[in-house]
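1. Let's see this in three dimensions:
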Amino acid sequence: MYRDLKQAILGAQVKPGEILSIRVIAEDFNTSTMPVREAAARLISEGALEAIPNRGLRVPTLTKSRAKEIFDIRVILESYACEIAAAHVTKTELDVLKRLERQMEQAFAENNVKRGLRLNMEFHFHIYKAARCLTILPLIESLWLQYAPTLYNLMDAVGDTGTQAQFVHNHHSAIIEALEQRSPHLARNAMLDDLNSTANIPAFWDKLGADNS
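-> Here you go, the predicted structure:
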């Protein structure tokens, strides 16, 4: 149950501020509420969910400063993982990346944002796993657990479905090309360009929660 809920959050299948019913989750996964509560407790401790008294669970809405803090660390770790992956990625793994990119582009073009974001997660983590670095993967995963739901805000800020599809195509195709060239330098820069494109969309940050002062 923990794995299922975790993958749903990593894949941005829930939105910031969304209320989740423990009973409904149990019904969806054909299980009792006890394993859902146990899984939720772990995810609450990891910052992926919040407990709401008498209401169940809520997906946290990150403030601008918290999102920026997580984002800055993601940039460091994920660009490094992509750099390492350039030396280890196999042809089979590259073929999977190309397939995921095509499917992702189609999903966004068809306005299936939920599927597009799940494929985006699969695309990125396929790269990070290709790095063969056991230390860095759980660190990246822990940050994605807190950050992934905000990707809904990002795609809203990017624009319409055609713009979204072109956005992911431009950045992800560049990453694949760099990995195909086995160039750590180009791979690192391509991932940096992909991630930093978020920082260049003011509307994305405007959709995040306000900082308390």
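2. give me the low-pLDDT residue ranges for this structure?
-> 161, 212-213 (pLDDT under 70).
3. so where do the strands sit in it?
-> 19-20, 50-52, 56-58 (DSSP state E).
4. Which residue ranges make up the domains of this structure?
-> Each domain of the chain is listed here as a residue range: 2-58, 64-206, per automatic domain parsing.
5. Determine which stretch of the ones you listed is the most buried.
-> Each of the domains of the chain was assessed for mean neighbour count using mean count of other CB atoms under 10 Å. The highest is domain 64-206, with a mean of 18. Any C-beta I mention is one placed from the backbone N, CA and C, and that applies to glycine too.
6. and that domain, how far apart are its ends?
-> 8 Å (CA to CA, to the nearest Å).
7. Then stretch 10-24?
-> One end of stretch 10-24 sits 19 Å from the other (CA to CA).
8. Tell me which residues touch Gln103, please.
-> Going by CB atoms under 8 Å, 6 or more residues apart in numbering, Gln103 touches Leu119.
9. I'd like to know how far Arg74 sits from Gly159.
-> In this structure, Arg74 and Gly159 are separated by 23 Å, where distance is defined by CB to CB, to the nearest Å.
10. contact partners of stretch 169-181?
-> Everything outside stretch 169-181 that qualifies as a contact, by CB under 8 Å, 6+ apart, is 82, 85-86, 89, 94, 97-98, 101, 104-105, 123, 127, 130, 186-187, 189-191, 193-194, 197.
11. Could you rerun that using 6 Å?
-> Stretch 169-181 is contacted from outside by 86, 89, 97, 101, 105, 186-187, 190-191, 194, using CB atoms under 6 Å, 6 or more residues apart in numbering.
12. Equivalent analysis for stretch 11-18, please.
-> Defining contact as CB under 6 Å, 6+ apart, one finds that stretch 11-18 is touched by 59, 61, 117-118, 121, 148-152.
13. mind redoing it with 8 Å?
-> With CB under 8 Å, 6+ apart as the contact definition, stretch 11-18 has outside contacts at 8, 20, 58-62, 114, 117-118, 120-122, 148-153, 209.
14. rewinding a little: out of the strands of the chain, flag the one nearest Thr33.
-> When the strands of the chain are compared for distance to Thr33 using CB to CB, the nearest one is strand 56-58, at 10.2 Å.
15. Can you spell out which helices and strands pack onto that closest one?
-> Where contact means 3 or more CB pairs under 8 Å, 6 or more residues apart in numbering; DSSP states H and E, strand 56-58 is packed against strand 19-20, helix 22-28, strand 50-52.
16. got those as a markdown table, with distance to Glu69 columns?
-> Compiled in a markdown table, these are given as follows (distance: least, CB to CB, whole Å):
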| stretch | distance to Glu69 |
| --- | --- |
| strand 19-20 | 25 |
| helix 22-28 | 29 |
| strand 50-52 | 18 |
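17. Of all pairs in the contacts of stretch 169-181, which one is the farthest apart?
-> Checking the contacts of stretch 169-181 with CB to CB, the most distant pair is Ala86 and Glu105, at 22.5 Å.
18. nearest residue to Glu122 other than its sequence neighbours?
-> In space, Glu122 comes closest to Leu100 once its chain neighbours are excluded; the distance is 5.6 Å by CB to CB, 6 or more residues apart in numbering.
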